[in-house]
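In: sequence and predicted structure are below.
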Amino acid sequence: MNLLITTDSNNILTTSNQSNLPSFTEYGMNYSNIQLYNFSDNFKSSNNTYNSILLMPMTHINNIWHLMHHIFITYKYLKKNNIICDMMYPIFFKGFYERQGNITECTYNDLIFKGLGFDYNKFKNNYDIFKQNKYINVNNIYHVNESINFHNEPLFNGFKTLMLNNFDIEYRKNTTKQITFILRNGTREITNIDSVKNQLQSYNINYVYLENHTVKEQLEIIANTDILIGVHGAGLSWCIFMKNNSTLIELYPGNSNTDNYIRWCKIANINYKRLCINITTGNVNDFRNATVNINDDQLQTIQKIV
């Protein structure tokens, strides 16, 4: 089968008889179609033929909360169907590809490719071929069409293990409770963080800005964290790689509400605690752009949990 995925728009052109690929999206937690386009004889062959390639649908490649849905269901798809394939190519729902920038330079490419056992160089080689408007020939095109059941995912422990093993990371048995506090700059920044640190100084807390660490370093930090604390944000998605029965404390600006991390914690066997904290600047209707602070009563609640 001939395959070309345009690098300017991520349009998928094949000689297949299919017109679309029904794919699960975290937007609405349902299926949506990714369109396939008719192949044109005007394209040139790269003269490259492969046994198989996996098309991995996604909405975001740079936001780890969105991305994690698609990383897991890709693992689930491969595992349930006993598929062995080391060549993957990301495809996007309509309107999302244009937001990503250069997908070969994605922050989380290491997590996607190395974590799941795909060969990044094969992806990059195909990207360069497609950029020349040349096509490849593939004997088997697989397409991730699994979904997530946030009430029960028996394969999730295997997923965690595979991802950590592929980065040569093992869970340690901590002799003392390890607490990690994720900090943010700008939006949802804690404005009284110095006071917070002072009042929590008797606890073994590691304060981190995740963006200062590589993907592997972030995985290592989280894998050996017993209690993870942080203001609502995509970085909390790392919590799924903590040991079973670890704890996530999500600090929520004002009384706003989503269940983004309650769901993940349920299938990842992580204890979930939510604490609503104060908005310093901004308002609850635009809490993602607000700054926050933690008062004494809220700190006492944190101390009781840790």
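Out: Received, thanks. Numbering: from 1, shown residues only.
In: ok, now how distant is residue 194 from residue 127?
Out: Distance from residue 194 to residue 127, counting by Cβ to Cβ, to the nearest Å: 46 Å. Using the backbone N, CA and C atoms, a C-beta is placed for each residue, glycine as well.
In: same check, this time on residue 235
Out: 28 Å.
In: ok, these two, which is more surrounded?
Out: More crowded of residue 235 and residue 127, by other Cβ atoms under 10 Å: residue 235, with 21 against 16.
In: residue 195 belongs to a helix?
Out: Yes. If the criterion is DSSP: H, G, I helix; E, B strand; the rest coil, then residue 195 is within a helix.
In: contacting residues for it?
Out: Counting by Cβ atoms under 8 Å, 6 or more residues apart in numbering, residue 195 touches no other residue.
In: ok, it to residue 184 distance?
Out: 17 Å.
In: again, but for residue 29
Out: In terms of Cβ to Cβ, residue 29 sits 27 Å off from residue 184.
In: more neighbours: the two, which one.
Out: More crowded of residue 29 and residue 184, by other Cβ under 10 Å: residue 184, with 19 against 13.
In: the chain: strands as residue ranges?
Out: Along the chain, the segments classed as strands by DSSP state E run 2-5, 12-14, 20-25, 30-38, 44-58, 88-92, 134-143, 179-182, 205-208, 227-231, 247-253, 271-281, 291-293.
In: could you export those as CSV, including mean neighbour count, distance to residue 65 and mean pLDDT?
Out: Output for the strands of the chain, formatted as CSV (neighbours: other Cβ atoms under 10 Å; distance: least, Cβ to Cβ, whole Å; pLDDT from 0 to 100):
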stretch, mean neighbour count, distance to residue 65, mean pLDDT
strand 2-5, 22, 25, 97
strand 12-14, 21, 25, 96
strand 20-25, 18, 13, 97
strand 30-38, 14, 18, 96
strand 44-58, 17, 12, 96
strand 88-92, 23, 16, 98
strand 134-143, 17, 23, 96
strand 179-182, 22, 13, 98
strand 205-208, 16, 18, 97
strand 227-231, 24, 12, 98
strand 247-253, 22, 12, 96
strand 271-281, 16, 15, 96
strand 291-293, 21, 19, 96
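In: any chance of these in a markdown table, plus distance to residue 301?
Out: Shown next, in a markdown table, are the strands of the chain (distance: least, Cβ to Cβ, whole Å):
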| stretch | distance to residue 301 |
| --- | --- |
| strand 2-5 | 50 |
| strand 12-14 | 50 |
| strand 20-25 | 35 |
| strand 30-38 | 36 |
| strand 44-58 | 37 |
| strand 88-92 | 41 |
| strand 134-143 | 46 |
| strand 179-182 | 15 |
| strand 205-208 | 15 |
| strand 227-231 | 11 |
| strand 247-253 | 9 |
| strand 271-281 | 6 |
| strand 291-293 | 14 |
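In: give me the neighbour count for residue 178.
Out: Neighbour tally, residue 178, other Cβ under 10 Å: 18.
In: please begin residue numbering at 344 from this point
Out: Done: numbering now begins at 344, and the last item shifts to residue 521.
In: please look at it and residue 565 and confirm they touch.
Out: No. Using Cβ atoms under 8 Å as the test, residue 521 is too far from residue 565 to be in contact (10.2 Å).
In: list residues touching both of those two?
Out: Joint contacts of residue 521 and residue 565 (Cβ under 8 Å, 6+ apart) do not exist.
In: from residue 637, how far off is residue 521?
Out: 21 Å.
In: from residue 386, how far out is residue 373?
Out: 33 Å.
In: just the CA coordinates for stretch 581-597, please, in PDB.
Out: Below are the C-alpha coordinates for stretch 581-597, written out as PDB (Å, rounded to 0.1, in the frame of the first residue of the first chain):
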ATOM      1  CA  TRP A 581       3.500  12.400  35.600                       C
ATOM      2  CA  CYS A 582       1.700  11.100  38.700                       C
ATOM      3  CA  ILE A 583       0.700   8.000  36.900                       C
ATOM      4  CA  PHE A 584       4.300   6.700  37.000                       C
ATOM      5  CA  MET A 585       4.400   6.800  40.800                       C
ATOM      6  CA  LYS A 586       4.400   3.500  42.700                       C
ATOM      7  CA  ASN A 587       1.000   2.000  43.400                       C
ATOM      8  CA  ASN A 588      -0.700   3.600  46.500                       C
ATOM      9  CA  SER A 589       1.400   6.800  46.300                       C
ATOM     10  CA  THR A 590      -0.500  10.000  46.700                       C
ATOM     11  CA  LEU A 591      -1.200  13.000  44.500                       C
ATOM     12  CA  ILE A 592      -2.200  16.300  46.200                       C
ATOM     13  CA  GLU A 593      -3.700  18.600  43.500                       C
ATOM     14  CA  LEU A 594      -3.900  22.200  44.500                       C
ATOM     15  CA  TYR A 595      -6.900  23.700  42.800                       C
ATOM     16  CA  PRO A 596      -7.300  27.500  42.200                       C
ATOM     17  CA  GLY A 597     -10.400  28.700  43.900                       C
END
